[in-house]
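# my questions are about this predicted structure, shown below with the sequence.
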Amino acid sequence: MTLIILGQCHDENDEGAKTKEGRTERYLAHTINKACQAKLLDEGLLTLYQNKGNLYQRVDAINDLSQTMKVDLAVEVHMNSSPAQERKGFFLMCWHTSSTAMRVAKKIAGELRFMKREDLGLNLVDHARRWINSPKEYGSAPSLTWLEDIRCPSLIVEVAHLSNEKEAHWIERLENRILVGEAVARGIIEHYLEVSDAELPATSGTVT
Ligand SMILES: [Zn+2]
């Protein structure tokens, strides 16, 4: 059994980044998560998503769960904001370059290429560290605390910049958020299909 946790994006006290119209990152991520969860469940991957609790509750909840059962992967979808309004694109972050998370991140990145962003970065650990070390440039990033504190393979997918008007309009359309959620799910599914494929013997035994 594969257990995937989709973390919520921010909480009631911190709704995350905002579009000019006041749509919050938390609101926008919710439908992305629901679309992602539906597709993962369809493929038989047990997927938990709960849109409640604050950051520390959710870190603790995931860590508690991973003590009693194997949590294969925790993923959070976020959206970015930058004072530089032309900044655009998505990127993925994970903490351990050699882990499952990195392999899944690469699959998701491949699936998100339909958005044709040029500034996709996969050198994720460095990016995350830089972010933590220069909060003035990047702002505060509770999502990174989440990434750092969780004791199972975890990754964050930042899918758009809400400070970029074009991207904000794009992600405000429900059908585009469904596309993104399903692309994230496809990346995860591809990884676990490869894993289960590798677990089967390549040739069958004697047919009886
Ligand atoms: Zn966020």
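Sure thing, it's come through. Residues are numbered from 1 along each chain as shown.

# just the CA trace of stretch 147-159, in CSV.
What follows is stretch 147-159 as a C-alpha-only set of coordinates in CSV (Å, rounded to 0.1, in the frame of the first residue of the first chain):
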residue,chain,number,x,y,z
LEU,A,147,9.4,20.7,4.6
GLU,A,148,12.3,20.7,7.1
ASP,A,149,10.3,19.2,10.1
ILE,A,150,8.5,16.4,8.4
ARG,A,151,10.0,13.0,9.0
CYS,A,152,9.0,11.3,5.7
PRO,A,153,9.9,12.1,2.1
SER,A,154,8.3,15.5,1.5
LEU,A,155,8.2,18.0,-1.3
ILE,A,156,6.6,21.4,-2.1
VAL,A,157,5.3,22.3,-5.5
GLU,A,158,5.0,26.1,-6.0
VAL,A,159,2.7,26.3,-9.0
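
# quick check: buried residues in it?
Judged by neighbour count using 16 or more other C-beta atoms under 10 Å, the buried positions of stretch 147-159 are 147, 150, 152-159. For glycine as for every other residue, the C-beta is placed from the backbone atoms N, C-alpha and C.

# pick out the most distant pair among those residues.
Greatest spacing in those, by C-beta to C-beta: Cys152 and Val159 (21.7 Å).

# now the strand or helix carrying Lys39: buried residues?
Using DSSP states H and E, Lys39 falls within helix 25-42. Neighbour counts over helix 25-42 (16+ other C-beta under 10 Å) mark 25-30, 32-37, 39-40 as buried.

# Tyr56 and the ion, how far apart?
Tyr56 is 16 Å from the ion, where distance means C-beta to the ion, to the nearest Å.

# same deal with Asn176?
Asn176 sits at a distance of 18 Å from the ion (criterion: C-beta to the ion).

# pull the number of nearby residues for that residue.
Using other C-beta atoms under 10 Å, Asn176 has 19 neighbouring residues.

# kindly report the same for Ala109.
20.

# how about the helix or strand harbouring it as PDB, C-alpha atoms only?
Counting by DSSP H and E, the element that carries Ala109 is helix 100-112. The C-alpha atoms that make up helix 100-112 are tabulated as PDB, following Å, rounded to 0.1, in the frame of the first residue of the first chain:
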ATOM      1  CA  THR A 100      12.000   9.400  -3.200                       C
ATOM      2  CA  ALA A 101      10.900  13.100  -3.000                       C
ATOM      3  CA  MET A 102      13.500  14.100  -5.500                       C
ATOM      4  CA  ARG A 103      12.500  11.400  -8.000                       C
ATOM      5  CA  VAL A 104       8.800  12.300  -7.600                       C
ATOM      6  CA  ALA A 105       9.700  16.000  -8.000                       C
ATOM      7  CA  LYS A 106      11.300  15.300 -11.400                       C
ATOM      8  CA  LYS A 107       8.200  13.400 -12.500                       C
ATOM      9  CA  ILE A 108       5.900  16.200 -11.400                       C
ATOM     10  CA  ALA A 109       8.100  18.800 -13.100                       C
ATOM     11  CA  GLY A 110       7.800  16.800 -16.300                       C
ATOM     12  CA  GLU A 111       4.100  16.800 -16.000                       C
ATOM     13  CA  LEU A 112       3.900  20.500 -15.300                       C
END
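
# quick one on the thing from earlier: what's the distance between the helix holding Lys39 and the middle of its chain?
In terms of C-alpha atoms, centre = their mean, to the nearest Å, the centre of helix 25-42 is found 10 Å from the chain centre.
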